[in-house]
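Visitor: Fold the following and give me the result.
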Amino acid sequence: MEKQLPITPLEPEMMETLAEMVLIKALNDYRKNQIEKEIDHSLETRDKKEFIRLTNELKSLC
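Guide: Here you go, the predicted structure:
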């Protein structure tokens, strides 16, 4: 039988911090996905200025 570690309840402040971190990560992932789609579009339309702007924005998120 596997030994299980006891689960320590989290303090409300810690739960809030973790929830914030999850939300920020989800928003960043969503924005990155949007930017990647816009980059693809800028490549299709050969819009160099938009491509450069979007790739710089994507770099700033990483």
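Visitor: Please make it C-alpha for all contacts and neighbour counts, starting now.
Guide: Noted.
Visitor: pLDDT weak spots in this protein?
Guide: By pLDDT under 70, the low-scoring segments of the chain are 1, 5.
Visitor: Let me see the ranges of the helices in the protein.
Guide: Taking DSSP state H as the test, the helices found in the chain are 12-44, 48-61.
Visitor: Tabulate those helices (CSV), appending distance to residue 3 and mean neighbour count.
Guide: Formatted as CSV, the helices of the chain follow (distance: least, Cα to Cα, whole Å; neighbours: other Cα atoms under 10 Å):
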stretch, distance to residue 3, mean neighbour count
helix 12-44, 26, 13
helix 48-61, 41, 13
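Visitor: could I get those helices as TSV with distance to residue 4?
Guide: As requested, those are exported to TSV (distance: least, Cα to Cα, whole Å):
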stretch	distance to residue 4
helix 12-44	22
helix 48-61	38
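Visitor: Please report how far residue 47 lies from residue 54.
Guide: 11 Å (Cα to Cα, to the nearest Å).
Visitor: With residue 10 instead?
Guide: Distance from residue 10 to residue 54, by Cα to Cα: 39 Å.
Visitor: One more: residue 36?
Guide: Distance from residue 36 to residue 54, by Cα to Cα: 8 Å.
Visitor: and if you look at residue 4?
Guide: Per Cα to Cα, residue 4 is found 47 Å from residue 54.
Visitor: for residue 60, same thing?
Guide: The gap separating residue 60 from residue 54 is 10 Å, by Cα to Cα.
Visitor: One more: residue 32?
Guide: 10 Å.
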